[in-house]
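Visitor: quick check, what structure comes out for this input:
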Amino acid sequence: MSEARSRLLAARLIVVKVGSALLVNGELGEVRLDWLASLVHDIEAARARGCRVIVVSSGAIALGRRRLALPAGPLRLEQSQAAAAVGQIALANAWAKALAEYRITAAQILLTLNDTEERRRYLNARSTLATLLAENAVPVINENDTVATSEIRYGDNDRLAARVSSMMSADCLVLLSDVDGLYTAPPDSPSATRLEIVRELTEDIVMMAGRAGSAMGSGGMVTKIEAAKIALSAGADMIIASGRVAHPLQSVIEHGPCTLFLSGASPVASRKRWIQGTLVPTGTLIVDAGAARALGSGKSLLPAGVRRVDGRFARGDAVRILTEDGVEIARGLVAYDAADARRIAGRKSSEIAAILGFAGRDEIVHRDDLVLRVV
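Guide: Modelled structure (predicted):
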């Protein structure tokens with residue numbers, strides 16, 4: 001079994017990025033419906049294996065510019081935004097219809113750079129995506145090109161897909177491309193060799209990326225290497241595979257050509273390392289002995305076990321967790337603002353809605369957002 005095949009089959013959450021050149025027929029300005037149907041068949045097969053799937057799909061501008069009869073060549077910013085506004089309707093409709101063939105609910109999510117960089121918006125986006133996945137829907141994400149300016153946009157969906165992969169702690173990011181992997185030279189060169197596995201993003205690997213982009217897309221191999229840096233640092237493997245074939249995900253499983261970028265850690269391990277070593281705590285939760293034992297056995301921190309809340313912090317900030325003797329036993333990302341945390345401290349999770357007026361999380365710090373300290 002190839003390494004790419006085994007990694008893809010073992011993944012519990014994958015992010016699949018689809019470029020404009022694959023999804024849209026450039027001459028007709030229409031969605032390649034047969035190809036889309038084959039990809040959706042692969043997505044359903046992954047879901048049948050117990051794998052959740054998020055799609056990052058380009059194509060709105062390519063679809064919209066034809067409907068608005070915009071000229072060929074580079075568009076002005078306002079033209080791109082107008083094309084995106086028109087094309088996004090067609091793009092979402094195509095995905096919704098294709099997924100509905102398998103009784104899968106599609107959800108449209110439009111993101112800007114700030115949505116994955118600003119802490120509060122990041123948390124809101126992450127929560128929405130997690131809820132959609134829990135409800136068995138397939139989120140279809142695109143950059144919000146209708147409002148994003150050059151200062152606040154990604155400019156390509158490779159890096160957006162990598163940010164989504166990092167945000168959702170995905171196991172694998174699959175970039176479907178017009179080439180079937182990373183080559184040592186331009187793919188049409190006689191000396192070009194496709195790399196099967198990349199174990200480390202060395203300077204030589206970065207130099208191989210070149211600067212070639214697609215006529216309809218905004219990315220190229222350079223942006224895919226940038227995406228690899230983001231995904232791998234978050235513990236996700238990344239696969240570059242050809243989207244020029246039908247059933248592109250199944251092709252990888254059947255040993256089709258691709259390049260696998262291996263991450264050195266799991267998404268959960270990478271996230272916990274980030275919590276432990278990078279974030280500066282802005283508050284403190286003092287817990288009772290029962291809560292301390294529960295944390296030690298791998299449980300989440302519930303409000304009932306919190307004796308006192310110190311400091312000023314917002315939802316998603318890092319906090320220290322101390323015993324009543326002042327010993328730090330953990331750090332984690334808190335699910336409530338300081339004021340709300342104080343109101344629910346010592347209370348049962350079932351009381352949260354009545355106390356706060358909204359139904360928040362049962363846990364004040366979830367175990368996936370918590371790192372035990374060695375004492």
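
Visitor: which positions in stretch 224-231 come out as buried?
Guide: By 16 or more other C-beta atoms under 10 Å, the buried positions in stretch 224-231 come out as 224-228, 230-231. Any C-beta I mention is one placed from the backbone N, CA and C, and that applies to glycine too.

Visitor: tell me the secondary structure at the residue lying farthest from the centre of the chain.
Guide: Distance from the centre of the chain peaks at Asp325, with 39.8 Å (C-alpha atoms, centre = their mean). Of the three states, Asp325 takes coil according to DSSP: H, G, I helix; E, B strand; the rest coil.

Visitor: for Leu111, see how far away it is.
Guide: With distances taken as C-beta to C-beta, to the nearest Å, Asp325 is found 44 Å from Leu111.

Visitor: I'd say Arg121 and Asn114 touch.
Guide: Yes: counting by C-beta atoms under 8 Å, Arg121 sits close enough to Asn114 to count as a contact (6.1 Å).

Visitor: so where's the longest helix in this structure?
Guide: If you go by DSSP state H, the chain has its longest helix at helix 77-100.

Visitor: for that helix, which residues meet the burial criterion?
Guide: Going by 16+ other C-beta under 10 Å, helix 77-100 has these buried residues: 79-88, 90-92, 94-96, 98-99.

Visitor: the nearest residue to Met221 once chain neighbours are set aside: neighbour count?
Guide: Across the structure, with C-beta to C-beta, 6 or more residues apart in numbering as the measure, the residue nearest Met221 apart from its sequence neighbours is Ala209 (4.2 Å). In terms of burial, Ala209 registers 17 neighbours under the definition other C-beta atoms under 10 Å.

Visitor: how far away is the closest residue to Val18 other than its chain neighbours from Ala228?
Guide: Nearest non-adjacent residue to Val18, counting by C-beta to C-beta, 6+ apart: Ser57, 4.7 Å away. The spacing between Ser57 and Ala228, counted by C-beta to C-beta, is 20 Å.

Visitor: and if you look at Arg293?
Guide: Arg293 sits 41 Å away from Ala228 when distances are taken as C-beta to C-beta.

Visitor: do Phe358 as well
Guide: For Phe358, the distance to Ala228 (C-beta to C-beta) stands at 39 Å.

Visitor: just give me how far stretch 258-268 sits from the chain centre.
Guide: Here the centre of stretch 258-268 is set off from its chain's centre by 14 Å, with C-alpha atoms, centre = their mean, to the nearest Å.

Visitor: in it, what counts as buried?
Guide: By 16+ other C-beta under 10 Å, the buried positions in stretch 258-268 come out as 258-261, 263, 267.

Visitor: tabulate these (a markdown table), appending pLDDT.
Guide: Written out in a markdown table, the entries for the buried residues of stretch 258-268 read as follows (pLDDT from 0 to 100):
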| residue | pLDDT |
| --- | --- |
| Cys258 | 96 |
| Thr259 | 96 |
| Leu260 | 96 |
| Phe261 | 96 |
| Ser263 | 90 |
| Pro267 | 76 |
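
Visitor: for His366, state which of these is nearest.
Guide: Nearest to His366 among these, counting by C-beta to C-beta, is Pro267 at 14.7 Å.

Visitor: list the contacts of that closest one.
Guide: Each residue near Pro267 by C-beta atoms under 8 Å, 6 or more residues apart in numbering is listed here: 169-171, 234-236.

Visitor: report the two of these separated the most.
Guide: By the measure C-beta to C-beta, those have their two most distant members at Asp171 and Ala234, which lie 10.4 Å apart.

Visitor: so what's Val37 closest to, chain neighbours aside?
Guide: I think there's a mix-up here, since residue 37 is Ala and not Val. In space, Ala37 comes closest to Ala98 once its chain neighbours are excluded; the distance is 5.8 Å by C-beta to C-beta, 6+ apart.

Visitor: tell me which helix or strand comes right after the helix-or-strand element of the chain with minimal mean pLDDT.
Guide: Ranked by mean pLDDT, DSSP states H and E, the helix or strand of the chain with the weakest confidence is helix 267-277, at a mean of 73. Scanning forward in sequence from helix 267-277 by DSSP states H and E, the next helix or strand is strand 283-287.

Visitor: quick one: average confidence on that next one?
Guide: Rounded to a whole number, the mean pLDDT of strand 283-287 is 96.

Visitor: likewise stretch 91-110?
Guide: Regarding stretch 91-110, the rounded mean pLDDT is 97.

Visitor: what does stretch 312-331 give?
Guide: Predicted confidence along stretch 312-331 averages 93 (mean pLDDT).

Visitor: next one: stretch 141-160
Guide: Computed over stretch 141-160, the mean pLDDT rounds to 72.

Visitor: could you do stretch 222-242 as well?
Guide: If you average the pLDDT over stretch 222-242, you get 92.

Visitor: quote the end-to-end distance of that stretch.
Guide: Stretch 222-242 has its terminal residues 16 Å apart, counting by C-alpha to C-alpha, to the nearest Å.

Visitor: repeat for stretch 306-315
Guide: From its first residue to its last, stretch 306-315 covers 16 Å (C-alpha to C-alpha).

Visitor: contacts only, for Gly235.
Guide: Each residue near Gly235 by C-beta under 8 Å, 6+ apart is listed here: 169, 263, 265-271.

Visitor: with Asn136 instead?
Guide: Contacts of Asn136 were listed using C-beta under 8 Å, 6+ apart, and they are 104-105.

Visitor: again, but for Arg119
Guide: With C-beta under 8 Å, 6+ apart as the criterion, the residues that contact Arg119 are 314, 316-317.

Visitor: mind checking the SS state of Leu63?
Guide: When states are read from three-state DSSP, the local structure at Leu63 comes out as helix.
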